[in-house]
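Novice: below is the sequence, then the predicted model.
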Number of protein chains: 2
Amino acid sequence: MFPELDPLLHSELRLAVMSILIGVESADFSFLREQTGATAGNLSVGLEKLAAAGYIKIEKTFRGKMPRTLCRITPQGTQAFQEYVDVLKGYLKI
Amino acid sequence: MFPELDPLLHSELRLAVMSILIGVESADFSFLREQTGATAGNLSVGLEKLAAAGYIKIEKTFRGKMPRTLCRITPQGTQAFQEYVDVLKGYLKI
DNA sequence: TAAACTACTTTATTTTATAAACCAAATTAT
DNA sequence: ATAATTTGGTTTATAAAATAAAGTAGTTTA
């Protein structure tokens, strides 16, 4: 009746991050920070968790001399997100 | 861009409870326990939180000699649930 | 060259969720 | 009759998570 909601995605911040990443080729740390309104610390931890699960891929590069953390969703991430949405629809009856 | 998801509803158990209650006139503790699969302790705490927020009303009665805890959603609860769904739709783009 | 800013990570604190233990009465079995 | 089990929960303790604070490393601006 109420299958489990992937706990990794059932978090306001991580869900927002995935929601952004699913719509773009890639996004950097600052952009995700602006869009989500999260603090840098929370975002850092959140991204690390998503990466550890294989839902996103983090690529560290430089833009000129400044460090830059690029994130992109993986196929597993896309699938997990889609599944989460489907399960949630059952909860919400939508 | 990402408005807050009511933290009281953004919990797997409490969301499941609300999802049940929104569709029925009332439901008792045992029924909610069966449907959600939650332990009695977690359900007890969860219901108390929803009641404290005014999202549900808890009525303690007896069925014969056995105690019975009846729960029903309140108008505020219905509204909060609806709002939660709407906000979530923004996250999920559905 | 000192202050302030960018781009983070790490650690600590608070909150929340989960699980375990407990309680009281009712029912069932011996 | 009484002991064991079940029902219907609450309370308390533990584990996990989210949030916030502090720290690091380097860059840009005044």
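Specialist: On my side now, so go ahead. Numbering: from 1, shown residues only, chains lettered A, B, ... in the order given.
Novice: return the set of buried residues in stretch A:43-53.
Specialist: By 16 or more other CB atoms under 10 Å in any protein chain shown, the buried positions in stretch A:43-53 come out as A:43, A:46, A:47, A:49, A:50, A:53. For every residue, glycine as well, the C-beta is placed using N, CA and C.
Novice: need the contact list for residue A:46.
Specialist: Listed by CB atoms under 8 Å, 6 or more residues apart in numbering or on different chains, the contact set of residue A:46 reads A:11, A:13, A:14, A:17, A:38.
Novice: repeat that for 10 Å
Specialist: For residue A:46, the contacting residues are A:8, A:11-18, A:32, A:36, A:38, A:56, by CB atoms under 10 Å, 6 or more residues apart in numbering or on different chains.
Novice: ok, it to residue A:39 distance?
Specialist: The gap separating residue A:46 from residue A:39 is 10 Å, by CB to CB, to the nearest Å.
Novice: which residues do the two both contact?
Specialist: residue A:13.
Novice: tell me the secondary structure for residue A:60?
Specialist: What DSSP: H, G, I helix; E, B strand; the rest coil gives for residue A:60 is strand.
Novice: quick one: contacts for the spatially closest residue to it that is not a sequence neighbour?
Specialist: Closest residue in space to residue A:60, ignoring its immediate chain neighbours: residue A:69 at 5.7 Å, by CB to CB, 6 or more residues apart in numbering or on different chains. Residue A:69 is in contact with A:27, A:28, A:29, A:30, A:32, A:43, A:44, A:47, A:58, A:59, A:60, A:61, counting by CB under 10 Å, 6+ apart.
Novice: check residue A:78 too.
Specialist: Here residue A:78 is in contact with A:18, A:21, A:22, A:55 (CB under 10 Å, 6+ apart).
Novice: repeat that for residue A:3.
Specialist: A:83, A:86, A:87, A:90, A:91, B:37.
Novice: thought residue A:87 was touching residue A:1?
Specialist: No. In this structure residue A:87 lies outside contact range of residue A:1 using CB atoms under 10 Å: 11.4 Å.
Novice: these two - which one has more neighbours?
Specialist: Taking other CB atoms under 10 Å in any protein chain shown, residue A:87 and residue A:1 do not tie; residue A:87 has more neighbours (18 against 11).
Novice: OK, contacts around the more buried one?
Specialist: Contacts of residue A:87 by CB under 10 Å, 6+ apart are A:2, A:3, A:4, A:5, A:6, A:9, A:10, B:12.
Novice: wait, is the first one part of a helix?
Specialist: No. Applying three-state DSSP, one finds residue A:2 to be coil, outside a helix.
Novice: now the most centrally placed residue in chain A: how far from residue A:89?
Specialist: Closest to where the C-alpha atoms of chain A average out (CA atoms, centre = their mean) is residue A:18, at 3.0 Å. For residue A:18, the distance to residue A:89 (CB to CB) stands at 16 Å.
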